[in-house]
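Student: Model the structure of this input:
(one chain, ligands or ions: 2)
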Amino acid sequence: MTLVAFSNFIDGAFDTPTAIFESIDPSTGAPWATMPAATEADVDRAVEAAHRTLHSAAWASLTATARGKLLVRLGDLVVANAGRLAELETRDTGKIIRETRAQIAYVGDYYRYYGGLADKYEGSHVPIDKADMDVTIRREPIGVVAAVVPWNSQLFLSAVKLGPALAAGCTVVLKASEDGPAPLLAFAELVHEAGFPAGSVNILTGFGHDCGRRLTSHPLVSRVAFTGGPSTARAIVRNTAENLAYTTLELGGKSPVVVFADADLDSAANAVVAGIFAASGQSCVAGSRLLVERSIKAEFLDRLKHKAEAIRIGDPQDPATEMGPLATPRQREWIETIVATSLANGGTLVTGGKRPDNHPHGFYYAPTIIDAEDSALPCVREELFGPVLSVLTFDTEAEALALANDTPFGLASGVFTTNLAKAHRMARDIHAGVVWVNTYRAVSPLVPFGGYGQSGLGREGGLDAIRDYTRSKSVWIRISDEPIPDPFVMR
Ligand SMILES: NC(=O)C1=CN([C@@H]2O[C@H](COP(=O)(O)OP(=O)(O)OC[C@H]3O[C@@H](n4cnc5c(N)ncnc54)[C@H](O)[C@@H]3O)[C@@H](O)[C@H]2O)C=CC1
Ligand SMILES: CN(C=O)/C=C(\CC(=O)O)C(=O)O
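Tutor: Ligands and ions are numbered 1, 2, ... in the order given. Presented below is the predicted three-dimensional model:
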């Protein structure tokens, strides 16, 4: 079978790669494409192009309004090409087409949102405490941005970086994950078509140890925006010791979903399924810890078991499929190890816990529920990034809160109750960057997103995200005609 060949996009042109690797279709386990493995020299060229463009007359003369229009055009192109990009993402990562189509179409709104924001982000004038001075604060683009993303939801995770970065006037080198980079390398064609100047957006893929390391430690990079796992985040922070780049980190989670006895149980059960089995659990916000009130535990677990066993597992390109494969065999092996250790140490299997029988070739894993009861079990502590729900039980609201916060992570959470006061108390006291009440896994370009603790540093989305791609310059203008007084005293 002929493999489809992809290229890096550097300085406005698609390169002939110097090194390549094969990309695997997770639903078959077979290679389907070749991807460029960007070398350190490729990274250097991309960063130098971004730096050159940042300081070029062409980029400087592009007003914020003009940049905004480019972003809106890019958003429109993403929407127009959502079907094609979705097929590529589904092919390369195994994420079901039902979700990739919808998610990518919505990614257009992220570019439109930041396009609209580009010329509305202002500096300020300071009511300075010195009568002879006039002080303004300019917000200037921070510089060249290195954006590094993982394999899941790559278009989405790139949009929350590229949108505010380009709106702020930065230039960007975006590194797609080496797992499933096809949709981002194809997205580069849309950047080109939208009319962004050569070098302003560069998109490449390669491996972490060379390409990723070089990019995030590059002396011409001023800003690193990373999404990925906590151990890679530590490597990134070490890399940025070289360039002292301002860094934001969107990391993983072990998000609790708390279901009180007074909740609408039908709705809660659907939300729990959405939280852990959508995207085969490969979501940073996966609701992987179910905390259920003891009085409804048996009934609720029974509902969940039925729902989990009814999930249609299959070809991710089939719109009827509800759960596809995991993205990589490495991912499945990690899940299998944690599930086996948890069951050997007292966890009770409610359903799943194995590879489904009828999918021998792809990297499939059955929807799994473990009645854990012991918070120390690895399935309760570790982020699995897979379709595995661990169940814990509580008797009181205080216990529910303590269990919810019993994790070093703090990305997302869900609370299901019909008691408004209880919902507000839980929302206030849960240590997480997002609390969903009577819903789960809802996102919007208008709303900030990010974690507490080991789930990261900084926020993406919303108005404030643009600020993190700028730095302030304070401009002091002396407005007195009198000579400067005593030069030996700071004023
Ligand atoms: N908070 C959030 O918004 C999200 C967080 N994630 C997290 O991402 C993880 C899963 O994705 P993976 O691809 O396994 O993550 P990963 O951390 O292994 O890789 C992420 C990216 O970092 C690059 N990288 C690896 N080593 C590097 C190094 N030394 N220097 C620079 N770059 C390097 C990789 O090539 C890839 O592009 C999970 O922990 C998940 O929770 C995923 C999606 C969203
Ligand atoms: C990051 N996110 C919400 O802002 C949710 C995602 C993206 C991801 O995990 O990559 C999701 O649930 O797919």
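
Student: give the contact list for Gln154.
Tutor: Applying CB atoms under 8 Å, 6 or more residues apart in numbering, one finds that Gln154 lies in contact with Glu89, Thr93, Ala176, Ser177, Gly180, Pro181, Pro183, Leu184. Every residue, glycine included, has its C-beta placed from N, CA and C.

Student: tally of neighbours for the fifth one?
Tutor: Just to be clear, that refers to Gly180. Per other CB atoms under 10 Å, the neighbour tally for Gly180 reads 29.

Student: per-residue confidence at it?
Tutor: Looking at Gly180, its pLDDT is 96.

Student: Where does it sit: helix, strand or coil?
Tutor: coil (DSSP: H, G, I helix; E, B strand; the rest coil).

Student: Tell me how far it lies from Pro387.
Tutor: Separation of Gly180 from Pro387 (CB to CB, to the nearest Å): 18 Å.

Student: what do you get for Leu190?
Tutor: 32 Å.

Student: Pick out whichever of these two has more residues nearby.
Tutor: Higher neighbour count among Leu190 and Pro387: Pro387, with 28 against 20, using other CB under 10 Å.

Student: Could you show which parts of the stretch 101-250 of the chain are in contact with ligand 1?
Tutor: 148-152, 157, 175, 177-179, 208-209, 212-213, 216, 227-229, 232, 235-236, 239, 250 (CB under 6 Å from any ligand atom).

Student: Could you list the domains of the protein?
Tutor: 4-251+461-475, 256-437 (the TED database).

Student: Which one of the ones you listed lies nearest to Ser455?
Tutor: Counting by CB to CB, Ser455 lies closest to domain 256-437 out of those; the figure is 3.8 Å.

Student: what comes into contact with the helix or strand harbouring Ala398?
Tutor: Taking DSSP states H and E as the criterion, Ala398 maps to helix 397-404. Defining contact as CB under 8 Å, 6+ apart, one finds that helix 397-404 is touched by 256, 258, 260, 289, 291, 293, 375, 392, 394, 413, 422, 425-426, 429-432.

Student: Please flag which of the residues you listed sit within strands.
Tutor: The strands, defined by DSSP state E, take in Pro256, Val258, Arg289, Leu291, Glu293, Leu392, Phe394 from the contacts of helix 397-404.

Student: can I get the residues you listed in TSV with distance to Ile104?
Tutor: TSV is the format used below for the ones in strands among the contacts of helix 397-404 (distance: CB to CB, whole Å):
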residue	distance to Ile104
Pro256	29
Val258	31
Arg289	29
Leu291	33
Glu293	38
Leu392	35
Phe394	38
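
Student: what two of the residues you listed have the greatest distance between them?
Tutor: Taking CB to CB, the two most distant members of the ones in strands among the contacts of helix 397-404 are Arg289 and Glu293; they sit 14.3 Å apart.

Student: These two: which has the busier surroundings?
Tutor: Higher neighbour count among Arg289 and Glu293: Arg289, with 28 against 22, using other CB under 10 Å.

Student: hang on, Ala19 packs against Pro36?
Tutor: Yes. Ala19 is within contact range of Pro36, at 7.2 Å (criterion: CB atoms under 8 Å).

Student: what about the two, which has more around it?
Tutor: Looking at Ala19 and Pro36 with other CB under 10 Å, you find the greater number of neighbours at Pro36, namely 26 against 13.

Student: Can you tell me the closest non-neighbouring residue to that one?
Tutor: Counting by CB to CB, 6 or more residues apart in numbering, Pro36 lies nearest to Pro17, which is 3.3 Å off, once chain neighbours are set aside.

Student: count of neighbours near Gly458?
Tutor: 19.

Student: same question, the one 5 residues further on
Tutor: When counting by other CB under 10 Å, one arrives at 15 neighbours for Leu463.

Student: Now do the contacts for it.
Tutor: Leu117, Leu446.

Student: Could you report the distance from it to ligand 2?
Tutor: Distance, Leu463 to ligand 2, by CB to the nearest ligand atom, to the nearest Å: 16 Å.

Student: Tell me which of the residues of the stretch 101-250 of the chain next to ligand 1 fall in helices.
Tutor: Leu157, Arg213, Thr216, Thr232, Ala235, Ile236, Asn239 (DSSP state H).

Student: isn't the third one right up against Phe226?
Tutor: Yes. Applying CB under 8 Å, one finds Thr216 in contact with Phe226, separated by 7.4 Å.

Student: Mutual contacts of these two, please.
Tutor: Joint contacts of Thr216 and Phe226 (CB under 8 Å, 6+ apart) are Val148, Ile236.

Student: ok, and the closest non-adjacent residue to Phe14?
Tutor: Per CB to CB, 6+ apart, closest to Phe14 is Ser7, 4.3 Å.

Student: Check the burial of the one you found by counting its neighbours.
Tutor: A count of nearby residues for Ser7, using other CB under 10 Å, gives 19.

Student: what's near enough to touch it?
Tutor: Phe14, Asp15, Thr16, Pro17, Pro36, Leu185.

Student: do the same with Phe21
Tutor: With contact taken as CB under 8 Å, 6+ apart, Phe21 is in contact with Thr34, Met35, Ala37, Glu178.

Student: Try it again at 7 Å.
Tutor: Shown in contact with Phe21 (CB atoms under 7 Å, 6 or more residues apart in numbering): Met35, Ala37.

Student: Can you check my assumption that it lies in a strand?
Tutor: Yes. Per three-state DSSP, Phe21 lies within a strand segment.

Student: and it, how far is that from Phe14?
Tutor: Using CB to CB, Phe21 is found at 17 Å from Phe14.

Student: returning to that earlier point: let's have the ones in helices among the residues of the stretch 101-250 of the chain next to ligand 1 in CSV, adding distance to ligand 2 and pLDDT.
Tutor: Formatted as CSV, those follow (distance: CB to the nearest ligand atom, whole Å; pLDDT from 0 to 100):
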residue, distance to ligand 2, pLDDT
Leu157, 5, 98
Arg213, 22, 98
Thr216, 19, 98
Thr232, 14, 97
Ala235, 20, 98
Ile236, 17, 98
Asn239, 22, 98
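
Student: In those, which residue is surrounded by the most others?
Tutor: The residue in those with the most neighbours, by other CB under 10 Å, is Thr216 (29 neighbours).

Student: Next, the buried residues of the helix or strand Val350 falls within.
Tutor: Using DSSP H and E, Val350 maps to strand 348-351. Residues Val350, Thr351 are the ones in strand 348-351 that count as buried (16 or more other CB atoms under 10 Å).

Student: same check, this time on stretch 476-491
Tutor: Buried residues in stretch 476-491 (16+ other CB under 10 Å): none.

Student: Return the distance of it from the chain's centre.
Tutor: 49 Å (CA atoms, centre = their mean, to the nearest Å).

Student: For that stretch, which outside residues touch it?
Tutor: So stretch 476-491 is contacted by Lys130, Asp132, Met133, Asp134, Val135 (CB under 7 Å, 6+ apart).

Student: From ligand 1, how far off is the fourth one?
Tutor: By that I understand Asp134. Counting by CB to the nearest ligand atom - Asp134 and ligand 1 are separated by 42 Å.

Student: Same check on the first one?
Tutor: The spacing between Lys130 and ligand 1, counted by CB to the nearest ligand atom, is 44 Å.

Student: Pull the number of nearby residues for that residue.
Tutor: The number of residues packed around Lys130, counting by other CB under 10 Å, is 12.
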